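*Asks:* Just need the structure, nothing else, for what follows:
(chains A and B)
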Amino acid sequence: MANEPVPPDHVLSMDDMPDQKLRTRIASISLGNPSSGDNPDEMPLIQITGAAGQTAALMAIRSPVRLHVIGPLGDYSLSYCNRCDVRVDGNGGNGIAEGLCGGAIRFRGDVGHGAGVAMAAGTLAIYGSAGDRVGAAMLAGELFVRGDVGDDAGVAMRGGTLVVGGDAGERLGDHRGLGTIYLRGNARSLAESMVEVPLKKRDELRLGVLLINASIRGAAKEFRRVIPERLWRFEQSRETGEVRPNWR
Amino acid sequence: MSSEPLSLSHIQLKPPRIDRFVRPTSEPSLRVGAAGLGAAGTDDPDGSKPTNSEPTPEVPLPLFWYDPPWHRADVQRRRLVAQLVGEFGVTINVLYRELQGDGEEWGESNWPRMATHRSDRMGWTLEDAQSAQIAEIRLGMNRDQRGGFSYQGEQLAMWLNRDSEHPVEPLPPEPLMFPPEWNDLSQMGAKVAQLRRLGADAVYVSIDDRSVESLLPAIAAAAADGIIVRFNECPLASLMDYRRWAAAHPSSWRPRLWLAGGSLGAEDAVKCFALGASAISINSICDRWLLGDNGPELSIAERSAMNLGYNMGQTPQQRLTFDVQRKLSELCRAIAVQIQSLGVATLDDLTSKHLVDVG
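*Replies:* Purely as a prediction, here's the structure:
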């Protein structure tokens, strides 16, 4: 989504209609847009006003639409969404974007605990800081936090990518899964059997693209990887022939 | 009751009235005992037995199959058994993914379904929230055979997509016992509201029997429709905790009580209903239908019956169908007979006044 203001195609207010009706209206706008596909530029842009921390708002939106939410959203908002591209100008509560199945959600504020819990695909970007257990039980997809994250980030994480632009709290990561964590700042401690290792050249390229896609400034080479120790050993045992320019 | 009994065996059903001739008005049937799903009202004169204050969704029978070992059977058998048991009216605890084959969608059921929402969301999908009658928020879990907490590999195979081409296999995950987005139980209300808004008719919270006293206030404060108590041997302590809490809070939101565990016979089931339970699990009857590969073997009596011309089913599937119908019918009839013997018409009319405490 471009940063310059774009006039919305539709404006809906959370004050004017209950959540169920709002979701139905969003789906009908998508159905009525013949050019609506999965290309974000072709999706109708819907501005949502009246957000004031409502719990479980805007869940299960599975239409190719762009939503621009003005104001904070409460716990479990935007859960189980797919295909939509959402920007929230405000904070988020606990468990936001639970079970995200695709598409992209961007919060221009802080979020509570358990953001992106069990997300299975798509992108969740948080431009502020996140509470404890961000990315818990995450299966796949990409989760970016520009600021700091709390304790137990990535607990029970099975896969996917968690990018932390700031510092992390206690027990970062989970060695039982195969998720990758990129950390720019410092972690107070890592979870059992997790290790902090430098980026490979391939990671640097991949992370660079991910950062651009998530509109997060900063160079990929500023990050380190946090991965399970057994995965690191496996990588070390392979003859990759890869040049590691950032080795230190 | 004067003093608290130690187990259900210390309680007896009241003997039938013998002061006049009463002919049974109808064939005993548990169908009259359809169990409401919504939270119970607060207008109970007994102070402990849930009663409906307003119309709520219902399930046909006060029986449910909790946490079946789906991973022990192939998908065809899972679907067959679920269909047979579900169509009888038993509420079944099953996730969409547990009845979904490889690359094969599962058509929606027309029987009552309960979907488990684990703390780590293992196996849970949006379809579960939208199509199950009951969403179960599972707090904690039962210990496995080794005394720890773990998922079986076959369970993970049902729940997770195995399309990863990563050369290193992930280790089996350690189950999360508490939702990662909660700091404490005060956040339960938001989760209950979320699941309701996603489409669940009712939201129940399951806990183990040692936590009833401490968690019931939080579950009621979260306005959950029900509480499922996992017990091992005897549910009496849980029932008493529930009754004490209900008596002390006559005007608060009262979740229904479902009991999961053990092996309750018809008489014990009726005692539980009289003490406040709204439904009981029947795993001891149902689990074995998933564990057998070729359907139940015919007993000597059944072979004799077949030789006399009774149709016991020729194929394993037919025999399984007969077995399910027969076992569940026997249980329902046994419970209905007990209820009828107490002179009440429906389960909701049962109260602790129909019991004699001999403890």
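*Asks:* can we go C-alpha only for contacts and neighbour counts from here?
*Replies:* Fine.
*Asks:* Please list all residues in contact with residue B:129.
*Replies:* Shown in contact with residue B:129 (C-alpha atoms under 8 Å, 6 or more residues apart in numbering or on different chains): B:115, B:135, B:195, B:198, B:199, B:200.
*Asks:* how about the helix or strand where it lies: buried residues?
*Replies:* Element membership of residue B:129 [criterion: DSSP states H and E] is helix B:126-131. The neighbour-count check on helix B:126-131 (16 or more other C-alpha atoms under 10 Å in any protein chain shown) flags B:126, B:128, B:129, B:130, B:131 as buried.
*Asks:* could those be laid out in JSON lines, adding pLDDT and distance to residue A:192?
*Replies:* As requested, these are arranged in JSON lines below (pLDDT from 0 to 100; distance: C-alpha to C-alpha, whole Å):
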{"residue": "B:126", "pLDDT": "95", "distance to residue A:192": "32"}
{"residue": "B:128", "pLDDT": "95", "distance to residue A:192": "34"}
{"residue": "B:129", "pLDDT": "93", "distance to residue A:192": "34"}
{"residue": "B:130", "pLDDT": "93", "distance to residue A:192": "37"}
{"residue": "B:131", "pLDDT": "92", "distance to residue A:192": "39"}
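*Asks:* What about the contacts of residue B:129, which are in strands?
*Replies:* Members of the contacts of residue B:129 lying in strands (criterion: DSSP state E): B:115, B:135.
*Asks:* from the contacts of residue B:129, which is closest to chain A?
*Replies:* Among the contacts of residue B:129, residue B:198 lies closest to chain A (C-alpha to the nearest C-alpha), at 7.6 Å.
*Asks:* What is the burial count for the closest one?
*Replies:* Applying other C-alpha atoms under 10 Å in any protein chain shown, we find 20 residues neighbouring residue B:198.
*Asks:* just residue B:173 next, same as before
*Replies:* Residue B:173, neighbours per other C-alpha under 10 Å, totals 22.
*Asks:* Can you pick out the most distant pair from the contacts of residue B:129?
*Replies:* Maximum pairwise distance among the contacts of residue B:129 (C-alpha to C-alpha): 12.8 Å, between B:115 and B:198.
*Asks:* Identify the residue spatially nearest to whichever residue of the stretch 251-359 of chain B sits closest to chain A, adjacent ones excluded.
*Replies:* Here the residue of the stretch 251-359 of chain B nearest chain A is residue B:253; by C-alpha to the nearest C-alpha that distance is 20.8 Å. Nearest non-adjacent residue to residue B:253, counting by C-alpha to C-alpha, 6 or more residues apart in numbering or on different chains: residue B:220, 5.6 Å away.
*Asks:* If I look at residue B:142, what pLDDT would I see?
*Replies:* pLDDT, residue B:142: 84.
*Asks:* contacting residues for it?
*Replies:* Neighbour list for residue B:142: B:149, B:208, B:230 [criterion: C-alpha under 8 Å, 6+ apart].
*Asks:* and the residues you listed as a markdown table, adding neighbour count?
*Replies:* Below are these laid out as a markdown table (neighbours: other C-alpha atoms under 10 Å in any protein chain shown):
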| residue | neighbour count |
| --- | --- |
| B:149 | 16 |
| B:208 | 19 |
| B:230 | 25 |
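*Asks:* first to last residue in stretch B:265-281, what's the distance?
*Replies:* Start-to-end span of stretch B:265-281 (C-alpha to C-alpha, to the nearest Å) is 11 Å.
*Asks:* ok, for residue A:51, nearest residue in space, not its chain neighbours?
*Replies:* Nearest non-adjacent residue to residue A:51, counting by C-alpha to C-alpha, 6+ apart: residue A:71, 4.7 Å away.
*Asks:* Residue A:93 is in contact with that neighbour, correct?
*Replies:* No: at 11.9 Å, residue A:71 and residue A:93 do not qualify as touching, with contact defined as C-alpha atoms under 8 Å.
*Asks:* which residues are in contact with both of the two?
*Replies:* Between them, residue A:71 and residue A:93 share the contacting residues residue A:53, judged by C-alpha under 8 Å, 6+ apart.
*Asks:* These two: which has the busier surroundings?
*Replies:* Counted by other C-alpha under 10 Å, residue A:71 and residue A:93 do not tie: residue A:93 has more neighbours, with 25 against 19.
*Asks:* related to what we said a few turns ago, which strands and helices sit next to the helix or strand containing the residue nearest to residue B:253?
*Replies:* Taking DSSP H and E as the definition, residue B:220 sits inside helix B:212-221. The helices and strands touching helix B:212-221, judged by 3 or more C-alpha pairs under 8 Å, 6 or more residues apart in numbering or on different chains; DSSP states H and E, are helix B:188-198, strand B:226-231, helix B:236-248.
*Asks:* so where's the chain shaky on pLDDT?
*Replies:* Going with chain A. Low-confidence segments of chain A (pLDDT under 70): A:1-4, A:34-38, A:239-248.
*Asks:* that's the other chain; I wanted chain B
*Replies:* Applying pLDDT under 70 to chain B picks out residues B:1-3, B:20-35, B:40-56, B:103, B:162-166, B:293-299, B:302, B:310-314, B:358-359.
*Asks:* Tell me the residue of chain B that sits nearest chain A?
*Replies:* For chain B, C-alpha to the nearest C-alpha, closest residue to chain A: residue B:181, 4.0 Å.
*Asks:* Please enumerate the strands of chain A.
*Replies:* Under DSSP E, chain A gives strands at A:10-13, A:45-49, A:66-70, A:85-89, A:101-107, A:121-126, A:142-145, A:161-164, A:180-183, A:194-197, A:224-228.
*Asks:* would you turn the ones you listed into a markdown table with mean neighbour count?
*Replies:* Formatted as a markdown table, the strands of chain A follow (neighbours: other C-alpha under 10 Å):
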| stretch | mean neighbour count |
| --- | --- |
| strand A:10-13 | 15 |
| strand A:45-49 | 20 |
| strand A:66-70 | 23 |
| strand A:85-89 | 21 |
| strand A:101-107 | 24 |
| strand A:121-126 | 24 |
| strand A:142-145 | 27 |
| strand A:161-164 | 26 |
| strand A:180-183 | 24 |
| strand A:194-197 | 18 |
| strand A:224-228 | 24 |
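*Asks:* where's residue B:332, which helix or strand?
*Replies:* Take DSSP H and E as the rule and residue B:332 turns out to sit in helix B:316-341.
*Asks:* Can you give me the buried ones in that helix?
*Replies:* Within helix B:316-341, judged by 16+ other C-alpha under 10 Å, the buried ones are B:317, B:319-324, B:328, B:331-341.
*Asks:* Mind giving me the packing neighbours of it?
*Replies:* On a contact count with 3+ C-alpha pairs under 8 Å, 6+ apart, helix B:316-341 meets helix B:75-88, helix B:266-274.
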